[in-house]
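[1] kindly return the folded structure for what I paste below:
(one chain, ligands or ions: 1)
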Amino acid sequence: MATIRSYLTPLAAAKPKAASGWPARLRVHSVSRLPLRSYGSLVAKRRCFAEKSWSEEHGQSSLAFGKAVDPESSAAEEEAILDPAVLALGRTHQSEEELEELNSVLQENNELDGNGLRSLSGVELDAIVEEIVESRNLPDENVEENEGDQEGLVSKGLLDVVEEEEETDKQERPRASTTRNIVFVSSEAAPYSKTGGLGDVCGSLPIAFAARGHRVMVVSPRYLNGVSDKKFVNATDVGVRIKIYCFGVETEVAFFHEFRAGVDWVFVDHPSYHRPGNPYGDSHGAFADNQFRFTLLSYAACEAPLVLPLGGYTYGEKCLFLVNDWHASLVSVLIAAKYRPHGVYNDARSILVIHNLAHQGIAPASTYGNLGLPSEWYGALEWIFPPWSRMHALDNGEVVNFLKGAVVTSDRIMTVSQGYSWEITTVEGGQGLNELLSCRKFALNGVVNGIDVDEWNPASDKHIPFHYSVDDLSGKAQCKAALQTELGLPVRDDCPLIGFIGRLDYQKGTDVISSAMPELLQDDVQFVMLGSGDQQTENWMRWAESAYKEKFRGWVGFNVPVSHRITAGCDILLMPSRFEPCGLNQLYAMRYGTVPVVNCTGGLKDTVENFDPFANDGTEQGTGWRFSPLCKESMLSILRVAMQTFREHKVSWEGIMKRGMMKDFTWDSSASQYEEIFDWAFTDPPYSR
Ligand SMILES: Nc1ncnc2c1ncn2[C@@H]1O[C@H](COP(=O)(O)OP(=O)(O)O[C@H]2O[C@H](CO)[C@@H](O)[C@H](O)[C@H]2O)[C@@H](O)[C@H]1O
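    As a prediction, the model looks like this:
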């Protein structure tokens, strides 16, 4: 097992090199056009990484390949070794015989050892390709020059495969104009870990980036809690250990890795991530050592691109860190305070992505000394609460604030909707950081979240009992009846069924729901609420269920399949959030033909279009309802309008449902906006060093 000396050790001076044993990148002359077009769908899936920028830098029109070579590799990984040669022949699908032929050529040229095929050097591969090309009498290095005259390839049944692939790619997979090495750092990534929307985004956006041609790594903790451990079974120990100096001790962490959906999922392993509960706490509250746990995550994430030979070679220094929320915020500070002064990561950029400004990672100022940061960088994390918010006479208000650290050191800042990116610069929405964020508004952007449209698809969702689509909504009515049956509510299609799904938190406005419930339930309506969090609200849900037996159901807990069934089975989804950086449930709801009724704030305002029956000269428009201000009265009055529309204006209702279902919620348009921001980040010099 290789122990790589951490770059963070005080004595470490030399940059860690790319993993030894990995040959120089492989050049394959004869297929320069193929990987360029098919990169992402073909190449990433096959675990080979084409590097367009490398080719450009070296004035090469051909692409370089990297491939997975791991001495302890599985059979699947060994197969990937064949891919450069396979691609060299311009083929994407091979028959058994062809594979056998290739195998035999490869094996002749590379003695098999006990562990499987050995690495091929670029020269070796060139020789093999040449040999195969010659034996088949195929055009060799002149494919490019032959572009006009492709008959030779067509007649050999090669080109049609390429073009077919290219066509599919064009239609289904938009490509980034500049591909990058992207490193997500997050405390959650679904399906491995999820307590809310952060997990959803960091589980699906990386896949979208990979499909667009980027090389993508997600670094998050390897949480083992005895319940969901099986989610990590495919992640294997990379065999790399680093030592991190913080909290007065040297701590060793390991890295686990799974390559899935074109993404390198990297899990930082340490005993502090192995305990019952969710990523942040258990029934007794938040874990007391969260500052330590997420400091480890940040250090490990900074090292990962330098020391992990994923797929054969490291990500290297020229990467882009996407630092998600406070748990990862130290990454930006570490890059500025510990790496750039040593000449490392000068070509990297970090972007802070704010999913929720309410959580900033605050700890007593005295803990700064634990973080392993140079004393002169204290100002980056220093935060002083105003006198009115201090707890007692001896409280001087001084703390360290992780999120603030990233606000002042990241190269750029993003939020998950445009509306929220403005709100956080205001006193009302800035959670104390509004002035600092306003100072950086030229580097601040909002891009609305997309969703995982495969996971959330009413036509194929594995969690719902009936499937449907915008062309045939009958399955939705069946889902509603099934949900009513499951909940023990009267099965009635004429009665509006309203749902709420979310963390039971002040942010989500659950207090407004509970205060409105007695009045709301006087109407002919059913209500189902799924959530966990605030104990008082959980207890209220239990009470409400017993008090309104025929109309109210409260499901206390975190249950993904139930959340899908509620999203599909309800007519209306209620979201009275006090603030909502983006919100995903309203997007899921619209995709499932469930009409969102939301408070007019942040991402809810940006994504839900108010229903207007008289817009555009009598043509209806809108996908739901927004209400404002946030209070019981305005929420009830808009819910009554929605329920009346449901009962009395069936055609309009169906129109609202269908307009929502037809909206584009894929990550692609958001991802292309992200890419533009990445370009800006790399255009500017590093913000702090
Ligand atoms: N009890 C339960 N059982 C099952 N599933 C449950 C659940 N409670 C919540 N969920 C799920 O968790 C996710 C919540 O996502 P949100 O975006 O609505 O909120 P969250 O506040 O966590 O996210 C923060 O980050 C996201 C991502 O950027 C922003 O959209 C959002 O505004 C911001 O507050 C959804 O997938 C929802 O279905």
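
[2] quick one: the closest residue to Phe232 other than its chain neighbours from the ligand, how far?
    Spatial nearest neighbour of Phe232, excluding adjacent residues (CB to CB, 6 or more residues apart in numbering): Arg222 at 5.9 Å. Every C-beta, even on glycine, is put in place using the N, C-alpha and C of the backbone. Taken as CB to the nearest ligand atom, to the nearest Å, the spacing of Arg222 relative to the ligand amounts to 21 Å.

[3] in terms of contact, does Arg222 touch Ser272 like I think?
    No: contact criterion CB atoms under 8 Å: Arg222 and Ser272 do not qualify, at 10.7 Å.

[4] how near is Pro490 to Gln484?
    In this structure, Pro490 and Gln484 are 7 Å apart, going by CB to CB, to the nearest Å.

[5] neighbour-wise, which of those two wins?
    In terms of neighbours (other CB atoms under 10 Å), Gln484 is the more surrounded of Pro490 and Gln484; the figures are 20 against 10.

[6] quick revisit: quick check: neighbours shared by Arg222 and Ser272?
    With contacts taken as CB atoms under 8 Å, 6 or more residues apart in numbering, not a single residue reaches both Arg222 and Ser272.

[7] need the per-residue pLDDT for the residue nearest to Phe232.
    According to the prediction, Arg222 has pLDDT 98.

[8] quick one, phi/psi of it?
    With angles defined as degrees, to the nearest 10, Arg222 sits at phi -90, psi 90.

[9] then Ile451?
    When quoted as degrees, to the nearest 10, the phi and psi of Ile451 stand at phi -130, psi 170.

[10] what is the neighbour count of it?
    If you count neighbours by other CB under 10 Å, Ile451 ends up with 23.

[11] residue numbers of the stretch 351-500 of the chain in contact with the ligand?
    Among all residues of the stretch 351-500 of the chain, those adjacent to the ligand (criterion: CB under 6 Å from any ligand atom) are His355, Asn356, Val416, Asn449.

[12] got a winner among the residues you listed for most neighbours?
    When neighbours are taken as other CB under 10 Å, the top entry among these is Val416 (27 neighbours).

[13] what sits against that residue?
    Counting by CB under 8 Å, 6+ apart, the residues that Val416 touches are Val201, Val353, Ile354, His355, Gly446, Val447, Val448, Asn449, Pro581, Cys582, Gly603.

[14] now, which of the residues of the stretch 351-500 of the chain next to the ligand sits nearest Cys570?
    The shortest gap between Cys570 and any of those belongs to Asn449, at 21.1 Å (CB to CB).

[15] look at the closest one and tell me its secondary structure.
    Here Asn449 is recorded as coil under DSSP: H, G, I helix; E, B strand; the rest coil.

[16] that one touches Asp606, doesn't it?
    No: the criterion here is CB under 8 Å, and Asn449 misses it with Asp606 at 10.1 Å.

[17] who touches both of the two?
    Residues touching both Asn449 and Asp606 (CB under 8 Å, 6+ apart) are Ser417, Cys582.

[18] secondary structure, pLDDT and distance to Cys246 added to the residues of the stretch 351-500 of the chain next to the ligand, as a markdown table?
    Rendered in a markdown table, the data for those read as follows (DSSP: H, G, I helix; E, B strand; the rest coil; pLDDT from 0 to 100; distance: CB to CB, whole Å):
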| residue | secondary structure | pLDDT | distance to Cys246 |
| --- | --- | --- | --- |
| His355 | coil | 98 | 25 |
| Asn356 | coil | 96 | 25 |
| Val416 | coil | 98 | 30 |
| Asn449 | coil | 98 | 32 |
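
[19] widest-spaced pair of those?
    When these are compared pair by pair using CB to CB, the maximum separation belongs to Asn356 and Asn449, at 12.3 Å.

[20] any regions of the protein where pLDDT drops low?
    Low-confidence segments of the chain (pLDDT under 70): 1-173.

[21] how does it look with 90?
    Of all residues in the chain, those with pLDDT under 90 make up the ranges 1-178, 227-228, 283, 311-313, 386-396, 613-619, 669, 689.
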